[in-house]
Structure formats: C-alpha cells, structure tokens
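Chemist: sequence? don't have it. structure:
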C-alpha cells in the first residue's frame, strides 16, 4: 500500500486570473457541498507524461465517482485515488491507492505553486506519482520543484473554494466527502 501525502501549510491566497487555456482541458463536475464545474488547463508542455496519465484515466472513466478525500483549508484539495477513493467505498483507505498503471518519473518545472495550480500527489519517493492530484487553495511555494505541476484551474475556482474541508488527521474528510461525478477531457 502506498500512503500519499503532502506537506501541510496554511498560507494567504491572492486571486488567480481566469482565462481559457489551450488544453487539453480536464472538465470536472463536482457534487456535494461544492456543486459545479471545474475546468483545468492541462500543461502538457510542462509535464507531458503526467498529463497523458490523467487524461487517459479521465477518458477511461476512472475518475468518475472519486471523492476529494484530503482537503486542508488554506492549502489544497486532494483527489484521484481511483483504487480506493470511489464514493461508497471504505473511505479509511482513500488516499492510499493509485491506478493499475506504473508510477511516473517526476517532471519538475519552474511553474510556481500559485492558487489554482494542480499538482500530482506522491509518496516520499519523487518518482511515485500515479493517479492522485491536488488543487491549490492558496500559494504553496514550498512545493516548488518538489511536486510535478500538471495544470491550472481556468474556470470554477469558486467551486474549488466550496469543496468540503477535512477535519480528520492530515485533512481527511469526515462523513460524506465531495465527489468528482464525472471527469472528461476536452481537446
């Protein structure tokens, strides 16, 4: 079993400019305390291997029904555990799994962890990202160069901001977590 983690820090958040990116775009329909659509411009020029993984899993329907299992106020919302993070599953296991595909080698860049940036979650080994990703509520520059940046939110930061916060250990969501009902790719 793999335990994915992120360092936690609470930092201030500047507003992020919203514009339509060149794509591919990841379209996430969220339900729960947050309801609505999040559009992520996937940065395939920055992290081609990771973007390919996420878009492939989305096109396969692997992310449909996956919950936001770890949400830390002022920091980030984490999701993407296609193995243990499906709504209705054992939420005590959420965050420990990945896909049936091999882990990915890190693709670090100079893109800073600003509000709305999407990064890949991983275990302690930098080359252990698989399917899980997180969306930043605020700046987290201590992550720069240590976690692969895969995209940026270009629409729906209000939906991201409304995602149910975690209250448990390490930001784990207690009770009914918010869920990615459907995740599609627009090229």
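Modeler: Thanks, I have it. These numbers come from a predicted model, not from an experiment.
Chemist: what's the neighbour count on residue 65?
Modeler: Neighbouring residues of residue 65 were enumerated by other Cβ atoms under 10 Å; the total is 18. Quick note: C-beta positions are derived from backbone N, CA and C, even for glycine.
Chemist: Same question for residue 91.
Modeler: By other Cβ under 10 Å, neighbour count at residue 91 equals 20.
Chemist: Also residue 30?
Modeler: 24.
Chemist: With residue 161 instead?
Modeler: Applying the criterion other Cβ under 10 Å, we find 13 residues in the vicinity of residue 161.
Chemist: can you check residue 80 too?
Modeler: 30.
Chemist: again, but for residue 184
Modeler: By other Cβ under 10 Å, the residues close to residue 184 number 15.
Chemist: Specify the beta-bridge partners of it.
Modeler: Taking DSSP bridges as the rule, residue 184 bridges to residue 27.
Chemist: Kindly report the same for residue 71.
Modeler: On the basis of DSSP bridges, residue 71 takes part in beta bridges with residue 77.
Chemist: quick one: low-confidence ranges for this structure?
Modeler: Applying pLDDT under 70 to the predicted model, the residue ranges of the chain that meet it are 1-23.
Chemist: rerun at 90
Modeler: Per-residue confidence for the chain (pLDDT under 90) gives these ranges: 1-23, 88-92, 168-170.
Chemist: After the lengthiest helix in the chain, which helix or strand is next?
Modeler: Among the segments of the chain that qualify as a helix by DSSP state H, the longest is helix 48-59. Beyond helix 48-59 on the C-terminal side, the first helix or strand identified by DSSP states H and E is strand 66-67.
Chemist: Distance from the chain centre to that next one, please.
Modeler: Here strand 66-67 shows a centroid-to-chain-centroid distance of 11 Å under the convention Cα atoms, centre = their mean, to the nearest Å.
Chemist: on that earlier part again, just the buried positions in the longest helix of the chain, please.
Modeler: For helix 48-59, a neighbour-count test (16 or more other Cβ atoms under 10 Å) marks 50-51, 53-55, 57-58 as buried.
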